[in-house]
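[1] need coordinates for the following:
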Amino acid sequence: MGILDVFKKLGGKSQEKAVMTLTSINLKFGADVHALGGRELNEQVFDLDIPFKNTIGSGLLPDNLRGPSVTINGITVEKPFELLSISPKPPISVGYLSSTLFKMKLRAPMLNYTGPLSITFVTDGSDNVNIDVKKITLVDGGRRADIEDTTANMILKKSQIVRRDIQAYKILKYGRTVSGISINKPFEVVSTEPAVPFAVDRNDSYIIKIFIKCPEFNYAGPMEISFK
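    Alright, predicted model coming up:
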């Protein structure tokens, strides 16, 4: 993911008298780990419900753009726990901003167990690409300016759209009218906020949001954003 609000809440069944303590429930999705609060149970076999919502990119994209779908190819439970059943059974595709409730039945190692429970959501790595941006350079005619601290190594979905916020005064002067924004291949500008044309007409700060489509293959190199 990349992907920070995928898991929203946790539900399941418990009993009044606890003889087993889960100190935490760790949900792993790609490079992200979401640590949820623990729970107490009095049965070695127990139910666990996990609502999964695909919100990859939703915090970055405007309403007219859609993030990628996610395919869950499998769900694994780390030892000493055992996954007895799951519904719906993977593989299952979860569309952008769609939700799926995974109902799981698990077996704990012993009734007096105390420790964490770790669950991994497995995706197909062939859908991912590695984008290694060495630096970002802004270009306005013959003027160039490098943005500080722009080295980024990201694992993304193929053709995923990401957002880059640019402080206009890094390269543009007050009163400048921008008629177009372009980017070096293999990237593609799909949208901007504000939409072009626009004038840089605020004295203190002017943030331009640029929505960028990433390539379908691994890329390592610079990113150049040009203003017309």
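[2] would you confirm that Ser98 contacts Pro51?
    No: when contacts are counted by CB atoms under 8 Å, Ser98 is not listed as touching Pro51 (11.2 Å). Every C-beta, even on glycine, is put in place using the N, C-alpha and C of the backbone.
[3] state the mean pLDDT of the helix or strand containing Asp47.
    In the assignment (DSSP states H and E), Asp47 maps to strand 45-53. The pLDDT scores in strand 45-53 average 90.
[4] same for whatever helix or strand comes next after it, what does it pack against?
    Sequence-wise, the next helix or strand downstream of strand 45-53 (DSSP H and E) is strand 70-77. Using 3 or more CB pairs under 8 Å, 6 or more residues apart in numbering; DSSP states H and E, the elements in contact with strand 70-77 are strand 82-87, strand 92-94, strand 99-107, strand 114-123.
[5] most tightly surrounded among those?
    strand 114-123 (a mean of 17; mean count of other CB atoms under 10 Å).
[6] export that one as CSV, just CAs?
    What follows is strand 114-123, C-alpha atoms only, in CSV (Å, rounded to 0.1, in the frame of the first residue of the first chain):
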residue,chain,number,x,y,z
THR,A,114,-0.8,-14.6,26.4
GLY,A,115,0.8,-12.8,23.4
PRO,A,116,0.1,-11.1,20.1
LEU,A,117,-1.9,-12.4,17.1
SER,A,118,-0.5,-11.5,13.6
ILE,A,119,-2.5,-11.8,10.4
THR,A,120,-1.1,-11.1,6.9
PHE,A,121,-3.2,-10.1,3.9
VAL,A,122,-1.4,-11.5,0.8
THR,A,123,-1.5,-9.7,-2.5
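[7] list the buried residues of the helix or strand following that strand.
    As assigned by DSSP H and E, the chain's next helix or strand after strand 114-123 is strand 128-140. Of the residues in strand 128-140, 128-129, 131, 133, 136-140 count as buried by neighbour count, 16 or more other CB atoms under 10 Å.
[8] tell me the contacts of the nearest residue to Leu172 once chain neighbours are set aside?
    In this structure, Leu172 finds its nearest non-sequential neighbour in Val200, 5.1 Å apart by CB to CB, 6 or more residues apart in numbering. Applying CB atoms under 8 Å, 6 or more residues apart in numbering to Val200 gives the contacts 168-169, 172-178, 206.
[9] tell me the buried residues within those residues.
    168-169, 172, 176, 178, 206.
[10] hmm, back to that, just the CA coordinates for the strand holding Asp47, please, in PDB.
    Extracted C-alpha coordinates of strand 45-53, given in PDB (Å, rounded to 0.1, in the frame of the first residue of the first chain):
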ATOM      1  CA  VAL A  45     -11.400 -21.700  19.100                       C
ATOM      2  CA  PHE A  46     -12.800 -18.200  18.500                       C
ATOM      3  CA  ASP A  47     -14.300 -16.000  15.800                       C
ATOM      4  CA  LEU A  48     -12.800 -12.800  14.400                       C
ATOM      5  CA  ASP A  49     -14.400 -10.400  12.000                       C
ATOM      6  CA  ILE A  50     -12.200  -7.900  10.100                       C
ATOM      7  CA  PRO A  51     -13.800  -5.300   7.900                       C
ATOM      8  CA  PHE A  52     -11.400  -4.500   5.000                       C
ATOM      9  CA  LYS A  53     -11.900  -1.200   3.100                       C
END
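[11] appreciated, that's everything.
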